[in-house]
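J.: here is the input, now give the coordinates:
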Amino acid sequence: MHEAASQLNIQLIEVFGDRHWKKMLREGQALLTNQSLDYLVLVNEHQKAGELMRLAEKQGVPTFLLLNGLGEDDPASVYGNWKGSLIPDNHSAGREMAESLFKAHSGAGKLFTLVGDTLTPASLDRTSGLDAALALYPGVHEILRGSGQWSESVAYNKTKLLLNRETPEMVWAANDNIALGAIRALKETGVVPGKDVSVVGLNWSKEGLASVEKGELLMTHGGHFMAGAWMMVLVYDDYHRLGTAKTYNFQMSAITSRNIKKYQACFGEGRWDSIDFKRFSRTTRKKASTSPYEFSLSRMMEYARGC
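T.: Numbering: from 1, shown residues only. The predicted structure is shown next:
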């Protein structure tokens, strides 16, 4: 996000709610009171962003939503200052993770599922994607579903308990932390991840990428952390009157043994400054406000210097 803002000449002021909605409201109210803003970008934690949006509307500040939407079918009819929402497609990610597992095992086998939690939209959407894939693969038997609570240690303990009585052939983990906890438990029990058991995760984390390189993780899905950068592109285009008030659902991408080397060569060690973010902009490309955005891993690689 910082690199995209710098390239697009956007001055960022950041405040953090740390996933606590009361803190988010306090920090947001203070920001709107003490700063003159051209735009406000909110992460709608616990669906509590409406109060800040109404305050911003009174002050004439246009507002975008990042990662979580508002819930209304037509947000523009409720909030006159709403400029759009940018949301990663977690459902498709969860489905693609599952399909990669099932295809690797010819559509049959024992599955152990570790969801993130049972409350957040991201976790629920990823899990619904898994369930959509399960409905198409009757040969896959889900032996247990539990919550990894986004934690390596929780996932490790739950996997160890399962391994006391049976060994799955596939592990679907809602993020890399959970996947890595499961992998640690498998290895300690003498089970070889990537050979005896296939595991998938999500996050494009440094540890997850390393696990893909070692062949222990079938894939790390992800790209949602790039949403901040894509949001800067939306703000830039809206400022130049090429914005469209709508909800943008962007697809995430899988990093596997097939593309890990190229990804690391392009962006290893966080080399995001290699990406020309202006090339994603309608303004720079001289496209109409109805022109679709192409926020994807393939475009990131295409627009990166030396990639």
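
J.: OK, contacts around the residue most central in space within the chain?
T.: The C-alpha lying nearest the average C-alpha coordinate of the chain belongs to His224 (CA atoms, centre = their mean; 2.7 Å). His224 makes contacts with 67, 88, 90, 122, 252, as judged by CB atoms under 8 Å, 6 or more residues apart in numbering. C-beta coordinates here come from the backbone N, C-alpha and C atoms, glycine included.

J.: ok, Thr284 next?
T.: The contact partners of Thr284, by CB under 8 Å, 6+ apart, come to Lys278.

J.: what's the answer for Asn259, then?
T.: Leu297.

J.: do a quick rundown of the helices in the stretch 51-200 of the chain.
T.: Under the criterion DSSP state H, counting those that start in this stretch, the stretch 51-200 of the chain contains helices at 75-78, 90-104, 121-134, 152-163, 176-188.

J.: confidence score at the most far-flung residue of the chain relative to its centre?
T.: Of all residues in the chain, Arg165 has its C-alpha farthest from the mean position, at 33.5 Å, by CA atoms, centre = their mean. Arg165 is assigned a predicted lDDT (pLDDT) of 95.

J.: could you work out the end-to-end span of stretch 215-223 for me?
T.: 20 Å (CA to CA, to the nearest Å).

J.: what about Ala133, how many residues close to it?
T.: Each residue near Ala133 was counted by other CB atoms under 10 Å, and the total is 20.

J.: that one reaches Glu99, doesn't it?
T.: Yes - with contacts defined as CB atoms under 8 Å, Ala133 counts as touching Glu99 at a distance of 5.2 Å.

J.: show me the shaky parts of this structure.
T.: 19, 46, 71-74 (pLDDT under 70).

J.: in it, which spans are strands?
T.: Remark: strands assigned in the chain by DSSP state E are 40-43, 63-66, 82-88, 109-115, 140-147, 170-173, 198-202, 219-222, 246-250, 253-255.

J.: neighbouring contacts of the second one?
T.: It stands for strand 63-66. 39-44, 49, 52-53, 56-57, 75, 79, 81-87, 227-228, 231, 234-235.

J.: what does the last one give?
T.: The set of residues external to strand 253-255 that reach it, using CB under 8 Å, 6+ apart, is 96-97, 100, 204, 209, 212, 219-223, 263, 296-298.

J.: how does it look with 6 Å?
T.: With CB atoms under 6 Å, 6 or more residues apart in numbering as the test, strand 253-255 has contacts from 219-221, 223, 263, 297.

J.: repeat that for stretch 144-164.
T.: Counting by CB under 6 Å, 6+ apart, 112-117, 177-178, 180-182, 184-185, 189 sit against stretch 144-164.

J.: now the buried members of these.
T.: Among those, the ones that count as buried by 16 or more other CB atoms under 10 Å are 112-116, 177-178, 180-182, 184-185.

J.: number of nearby residues for the nearest residue to Ser211 once chain neighbours are set aside?
T.: Spatial nearest neighbour of Ser211, excluding adjacent residues (CB to CB, 6 or more residues apart in numbering): Leu217 at 3.8 Å. Residues lying near Leu217 (other CB under 10 Å) number 30.

J.: OK, contacts around Leu217?
T.: Per CB under 6 Å, 6+ apart, neighbours of Leu217: 199, 201, 211.

J.: any idea how far the closest residue to the second one other than its chain neighbours is from Ile255?
T.: Nearest in space to Gly201, with sequence neighbours left out and distances taken as CB to CB, 6+ apart, is Ala179 at 3.1 Å. Ala179 is 13 Å from Ile255, where distance means CB to CB, to the nearest Å.
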